[in-house]
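Student: Next input, structure requested:
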Amino acid sequence: MTGVLLSLVLTSLYLLQASESINIQPDLDVQKLAGRWTLVALVIDRGELTDYNRYLITVEPENNGEMVYVAEAYQDNECKEVVIRLIQGEKPGIYTKGQSTLYFVKADYSRYHMVFVDTTIMKALHLYTREPEPSADIIAIYKAVAKSLDLPADKIIYLHRSAPCPAA
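Tutor: Numbers count the residues shown, from 1 in each chain. Below you'll find the model as predicted:
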């Protein structure tokens with residue numbers, strides 16, 4: 001029992017230390033994230049991507065500070081929808097989903113937002129934009145953020161346009 005408790009304490013301290021080293025969007029306003037976004041790029045620290053298609057995301061903020069991502073992807077000639085509930089973490093801008101911790105590291109709310117995802121098997125930085133094609137300045141900001149998170153900015157994956165899902 002003591003060994004399990006010690007392990008939990010050490011894991012908690014590690015996660016707290018890791019979250020302190022990641023700069024998150026100051027005063028993240030979840031309500032301003034509401035609406036449609038397109039996942040247009042990502043960079044991962046290890047492993048390989050199996051799906052290179054873009055995803056349409058609808059962000060639905062909840063009154064308690066938590067949020068829901070409803071992801072729509074066109075795969076195998078049909079639209080598939082996945083609902084992802086993000087639970088607010090120890091401070092605004094940090095969320096959890098199962099064994100994953102999500103850090104909202106940068107957002108201008110009207111054009112883009114970036115989410116750093118830390119899992120037990122990999123780390124990734126996602127770029128979501130309101131428009132289907134990110135501008136050069138957004139890409140430059142994204143590369144700088146990836147580099148600051150020690151992610152290989154030279155290995156950014158720009159996702160392919162796929163057939164859009166019909167509007168709900």
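Student: mind checking pLDDT for the residue nearest the centre of the chain?
Tutor: By Cα atoms, centre = their mean, the chain has its centre lying nearest to residue 115, at 3.2 Å. Reading off the confidence values, residue 115 has pLDDT 97.
Student: Which positions are bridged to the nearest residue to it once chain neighbours are set aside in the beta structure?
Tutor: Leaving aside its sequence neighbours, residue 115 sits nearest to residue 126 (Cβ to Cβ, 6 or more residues apart in numbering; 4.7 Å). Placement of C-beta: from N, CA and C, glycine included. Note on residue 126: beta-bridge partners by DSSP bridges are residue 42, residue 115.
Student: what residues are up against the residue nearest to the centre of the chain?
Tutor: 102, 103, 104, 105, 125, 126, 128 (Cβ atoms under 8 Å, 6 or more residues apart in numbering).
Student: Out of those, grab the one that's most surrounded.
Tutor: residue 125 (26 neighbours; other Cβ atoms under 10 Å).
Student: For it, which residues are in contact?
Tutor: With contacts defined as Cβ under 8 Å, 6+ apart, residue 125 is in contact with 42, 43, 105, 114, 115, 116, 117, 142, 145, 146, 149, 151.
Student: Could you export these to CSV, including columns for distance to residue 79?
Tutor: Listed next are the contacts of residue 125 as CSV, based on distance: Cβ to Cβ, whole Å:
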residue, distance to residue 79
42, 21
43, 26
105, 29
114, 25
115, 22
116, 28
117, 23
142, 27
145, 30
146, 30
149, 32
151, 30
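Student: In this structure, what residue spans correspond to helices?
Tutor: If DSSP state H is used as the criterion, the helices of the chain fall at 2-20, 136-148.
Student: which of those has the lowest average pLDDT?
Tutor: helix 2-20 (a mean of 36).
Student: distance of residue 78 from residue 53?
Tutor: 13 Å (Cβ to Cβ, to the nearest Å).
Student: With neighbour numbers in mind, choose between those two.
Tutor: Shown here are residue 78 and residue 53; by other Cβ under 10 Å, residue 53 has more neighbours (13 against 9).
Student: Done for today, thanks.
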